[in-house]
Every structure is written in structure tokens, then in C-alpha cells.
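Engineer: what's the 3D shape of this:
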Amino acid sequence: MSHNKTLDHAVEQVLELAKKQGAQADVIASSSESFSLKADQGELSEYKVTASQVIGVRVIKNEHVAISYSESLEPKSLSQMVNQALTNASFTKKDPYQKIRSEGLILRTEQPEIFQQDSAMPEQKIELALALESRIREKPLAKSAPYNGYSENSVSVLLGNTLGTRCSHQERTLSCYTAALIDHNDKQAMHVAASIARTFDGLTPEKIINNAYEMAEALLDGEPIATGQYSVIFEQDCLNDVLGAFGSCFSGESAKRGTNPWRDKVGEQVMSPLLTFKDVAYMPGGFSIKAFDGEGFATADTPLIEEGKLVGLLHNSATAAHFGAPHTANAGRSAKGTLSVSSRHDVISAGTSSEADVTAGEYLELVELQGVHSGADSISGEFSFGASGFLCRDGKRLKPVRGITVAGNFYTMIKEVEAVGNTVIPNYDGCFFAPLIRFARLNIAGK
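Structural biologist: Residues are numbered from 1 along each chain as shown. Okay, the predicted model is just below:
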């Protein structure tokens with residue numbers, strides 16, 4: 001019996017056990033196979049092959065909800081898992097909004113590009129891992145490449161519920177990364193770069209080797225700039241980090257808990273009119289492609305911001321029922337997790353400004369941030385992060401900048417946008433897509 005058939009059989013067993021005890025249930029089963037390599041001092045320091053499986057159930061009985069999971073698919077373990085979930089449910093507070101609602105849906109992720117056969121030999125992967133370190137160490141100012149490696153991961157997910165919904169998903173992801181540490185004239189700088197792809201040939205090791213070294217070298221002589229207010233452009237991954245720290249403002253779950261400052265602002269202007277933001281189910285080249293959400297509903301695009309106006313929040317079926325809002329099929333749940341809300345691909349639409357317009361005049365380009373989540377208050381919007389980057393003028397870097405703090409209020413910052421570029425580009429992991437965005441003024445603490 002194939003592994004997927006074994007998982008499928010286990011899902012059916014669990015659903016039958018739940019039904020026999022008068023409960024509604026949904027079950028998520030997943031299996032994964034991983035391979036990873038790390039290099040150090042010209043040799044492999046890690047060669048790891050792992051495989052895992054887990055099955056988890058969410059039971060709902062008389063409005064009481066609970067979860068349980070098992071890493072064993074043996075019938076006795078599955079029976080114990082269901083009994084444990086039902087026992088847990090008997091002690092939980094009633095939740096009238098959580099119900100099994102996806103009925104009779106048969107969904108499968110059909111995009112073949114996300115699960116492609118791997119033709120590369122293990123020797124090629126070892127050669128790549130070793131080259132990520134050696135190519136950095138060959139550079140004239142490089143002291144070492146302290147972090148580098150290769151990994152691949154294949155995942156299969158099955159979801160089923162007591163209303164007849166059955167869903168399946170497979171994907172494979174490969175990645176490599178390296179770091180360049182430069183030590184020169186009593187100064188040090190380090191930068192990490194990574195590549196992610198669906199095939200071995202899709203990885204870009206040469207690009208990340210050059211990026212890691214060149215950025216570390218460019219930042220080496222950085223020093224604080226004068227304290228003051230500056231226009232700021234965040235590098236793509238930095239912008240994603242900042243938005244992620246305040247991502248709960250789009251969550252129906254945080255609104256239900258009373259911790260979302262935009263809970264009562266649907267229909268109001270909350271961002272600059274230059275910004276349009278949506279959650280997208282399928283993006284070409286995206287790495288969050290999946291046909292169904294954590295409850296077994298078909299994923300779809302969800303508009304969130306239209307020309308600065310908040311048009312809705314992300315909802316699972318429970319938060320949608322709580323607010324009487326449209327259900328957006330944004331349930332998040334893993335085999336071990338409770339029901340939550342999650343996005344797919346976060347996409348900011350292209351604006352009308354050319355790159356020359358966005359980068360006109362003087363501004364600060366920030367390429368590294370430190371302490372993003374610890375330095376952010378998602379309710380008040382206040383933030384303060386360590387940062388590195390470049391003081392720029394008319395698209396040219398004038399000098400590197402390090403040892404500064406960037407601070408402000410997120411909800412003010414996103415209203416004060418000077419320009420939005422006309423080309424959308426992805427961040428490194430293919431889950432965030434946005435144009436260049438120039439924010440009017442942020443507080444920089446330097447010298």
C-alpha cells in the first residue's frame with residue numbers, strides 16, 4: 001500500500017470513529033521527506049535525511065471543540081487520539097461559531113509546477129553545498145562563510161471531514177543559502193542571501209554568493225547618519241517583515257479577540273490612496289499555492305485594501321460567522337494546530353511611478369532590520385528597529401549606513417506614502433509581491 005493510501009485510510013478511520021461517537025470532525029494528515037546539507041571548512045558538517053508523518057483531528061460535539069494528534073497511524077493510536085480529543089472537548093468552553101461547514105467538496109492542488117520530479121544526483125547537491133562556502137572564502141576580503149547549506153522538502157497533505165469533503169495537496173521546495181563575513185581594517189560586516197525554487201536547476205547559487213559578498217562589502221564602512229526624519233524605501237524582504245509584524249490588522253481572528261485596531265474600520269480609509277493590497281490564492285512562481293484552506297474550502301483571491309480603503313478582513317468560517325461577514329476561505333490549520341486565519345500570497349498592486357520617480361531626491365534605503373517583532377506593538381502601531389542600509393540620492397547609493405534605529409507608527413507610515421513603483425517584484429521566498437514604495441518620513445536615530 002502506498003504511503004498516501006495509508007494516510008488516506010487513516011483519515012477515513014478517524015472520521016468513522018468520530019461519527020460513531022456523535023461528533024463532527026475534520027482531519028488533517030501530512031507526511032514529509034527532507035534532505036539537508038551543511039558545509040564547514042571545506043567539508044560536509046551535516047548530511048541529514050528525515051521523514052515524518054502526523055495526523056490530527058478537530059472534533060466538535062455539542063458546541064465544544066478540541067484537537068488531538070498522533071504520529072502513529074496504528075488503529076489503537078488513532079482510537080486513542082479521537083478519545084483524547086473528545087475528552088478534551090468536554091472541558092472546553094462552548095464555541096457556537098466553530099462548525100464543520102465544508103460539505104462534499106473534492107479539491108486537489110492541480111498546479112504541476114509546485115511538485116516536480118528531482119533529476120539532480122546527490123553528488124550535485126553536495127558539490128553545491130561545498131561551493132556555497134568555498135566561493136565565498138575565495139573572495140578577497142571574506143573571512144568566512146559561517147552559514148551555508150542546501151535543503152529540499154517534499155510534503156503531502158490530506159484533509160477530510162464528516163460532511164464528505166476530501167482534499168489533497170503535494171509540493172516540493174528546494175533552497176540554498178550562504179553568508180559572507182568580511183573582517184577588514186578592524187571592521188566586520190555579514191550578509192546572508194538565499195534562493196528558493198521548485199527544481200534544482202531553478203536555484204541561483206551564483207547570484208546569492210555574489211549578493212551575500214557584495215552586500216557585506218558595501219556595508220562594511222557603514223556608520224550612523226545624523227538623527228532626523230528621512231524618506232525611506234525598504235528592501236523587499238524588509239518591507240515584508242515590517243508588514244508581517246502588523247499583519248494582525250487584516251485578521252478576522254484578531255478582530256474576534258478584540259486585538260485588531262481595524263476591527264471596526266471596514267469601509268474607512270486606513271492607508272494612502274496609492275496603495276491597493278490583496279490576498280491572492282495563485283501567483284505564478286508563488287510558494288503559497290494551495291487549492292484549499294485549513295477547513296477544506298477552495299482558496300480564492302481576497303481584496304483587503306482598495307486605494308487605501310479597508311474593504312474587508314481575512315476570515316475562516318468561524319470568524320465570518322461571528323461577524324456576519326463574507327467567508328474568505330482563509331482558514332489556517334495544521335495537523336497539530338487549532339483553527340486560525342492565514343493568508344496565501346500578500347500582493348501590493350503596482351502604482352504609476354517609474355523607478356526614477358520613486359528614487360528621486362534623497363532617501364534612505366534599508367536592507368537589513370533587527371528586532372522587528374520584538375520592536376513592534378501591533379495594537380498601537382509603534383515600532384523601533386535596528387537597521388542598516390544606504391543613504392541615497394536619485395537612485396544612487398551615496399554611503400553605507402549602520403548602527404541606526406528606525407522608528408515611527410505603522411498606521412501613520414502607511415498613510416504617508418510619496419510614491420509607488422509601477423513594477424511588482426517578489427521577495428526571496430515567493431510569498432510577498434510588491435513594487436518599490438517610498439514612505440514620506442520616518443524617525444532615524446543616529447548621531
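
Engineer: if you count neighbours, what's buried in the lowest-mean-pLDDT helix or strand in the chain?
Structural biologist: Counting by mean pLDDT, DSSP states H and E, the chain has its least confident helix or strand at helix 3-20, which shows a mean of 92. Applying a neighbour-count criterion of 16 or more other C-beta atoms under 10 Å, one finds 7-8, 10-11, 13-15, 17-18 buried in helix 3-20. The C-beta positions use only the backbone N, C-alpha and C, and glycine is treated the same way.

Engineer: out of these, which comes closest to residue 108?
Structural biologist: residue 8 (12.4 Å; C-beta to C-beta).

Engineer: tell me how far that closest one lies from residue 29.
Structural biologist: 8 Å (C-beta to C-beta, to the nearest Å).

Engineer: what residues do the two have in common as contacts?
Structural biologist: residue 158 (C-beta atoms under 8 Å, 6 or more residues apart in numbering).

Engineer: what helix or strand does residue 412 sit in?
Structural biologist: helix 410-413 (DSSP states H and E).

Engineer: chain center to that helix, what's the gap?
Structural biologist: Offset of helix 410-413 from its chain centre (C-alpha atoms, centre = their mean, to the nearest Å): 22 Å.

Engineer: what's next to it, contact-wise?
Structural biologist: So helix 410-413 is contacted by 242, 245-246, 261, 270, 376, 381-383, 439, 442 (C-beta under 8 Å, 6+ apart).

Engineer: buried subset of those residues?
Structural biologist: With burial judged by 16+ other C-beta under 10 Å, the buried subset of the contacts of helix 410-413 is 242, 245-246, 261, 270, 376, 381, 383, 439, 442.

Engineer: where does the protein dip in pLDDT?
Structural biologist: 1-4 (pLDDT under 70).

Engineer: how about the helices of it, start to end?
Structural biologist: 3-20, 75-89, 122-137, 205-219, 236-245, 252-257, 317-323, 355-358, 410-413 (DSSP state H).

Engineer: out of those, flag the one nearest residue 67.
Structural biologist: The closest of these to residue 67 is helix 75-89. By C-beta to C-beta, the value is 6.1 Å.

Engineer: buried residues, the closest one. List them.
Structural biologist: Buried residues in helix 75-89, counted by 16+ other C-beta under 10 Å: 78, 81-82, 84-86, 89.

Engineer: quick one: the residues you listed as JSON lines, columns for distance to residue 113 too.
Structural biologist: Shown next, in JSON lines, are the buried residues of helix 75-89 (distance: C-beta to C-beta, whole Å):
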{"residue": "78", "distance to residue 113": "34"}
{"residue": "81", "distance to residue 113": "35"}
{"residue": "82", "distance to residue 113": "37"}
{"residue": "84", "distance to residue 113": "39"}
{"residue": "85", "distance to residue 113": "36"}
{"residue": "86", "distance to residue 113": "41"}
{"residue": "89", "distance to residue 113": "40"}
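
Engineer: sorry, back to before: okay, the buried ones among the contacts of helix 410-413 in TSV with distance to residue 409 next?
Structural biologist: As requested, the buried ones among the contacts of helix 410-413 are exported to TSV (distance: C-beta to C-beta, whole Å):
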residue	distance to residue 409
242	12
245	13
246	10
261	11
270	13
376	11
381	4
383	7
439	11
442	9
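
Engineer: from what I can see residue 226 touches residue 447, true?
Structural biologist: Yes: between residue 226 and residue 447 there is a contact under C-beta atoms under 8 Å: 6.2 Å.

Engineer: neighbours of the residue lying closest to residue 306 once chain neighbours are set aside, how many?
Structural biologist: Spatial nearest neighbour of residue 306, chain neighbours left out: residue 276 (5.5 Å); criterion: C-beta to C-beta, 6 or more residues apart in numbering. If you count neighbours by other C-beta atoms under 10 Å, residue 276 ends up with 20.

Engineer: could you report the separation of residue 186 from residue 429?
Structural biologist: Relative to residue 429, and taking C-beta to C-beta, residue 186 is found at 35 Å.

Engineer: scratch that, residue 347 is what I was asking about
Structural biologist: Counting by C-beta to C-beta - residue 347 and residue 429 are separated by 14 Å.

Engineer: look at the two and report which has more neighbours.
Structural biologist: residue 347 (22 against 16).

Engineer: thought residue 148 was touching residue 133?
Structural biologist: Yes: contact criterion C-beta under 8 Å: residue 148 and residue 133 qualify, at 4.8 Å.

Engineer: any shared contact partners between the two?
Structural biologist: Common neighbours of residue 148 and residue 133 (C-beta under 8 Å, 6+ apart) are 39, 178.

Engineer: so residue 305 touches residue 311, yeah?
Structural biologist: Yes: here residue 305 reaches residue 311: they are 6.9 Å apart, a contact under C-beta under 8 Å.

Engineer: of those two, who's got more company?
Structural biologist: residue 305 (22 against 15).
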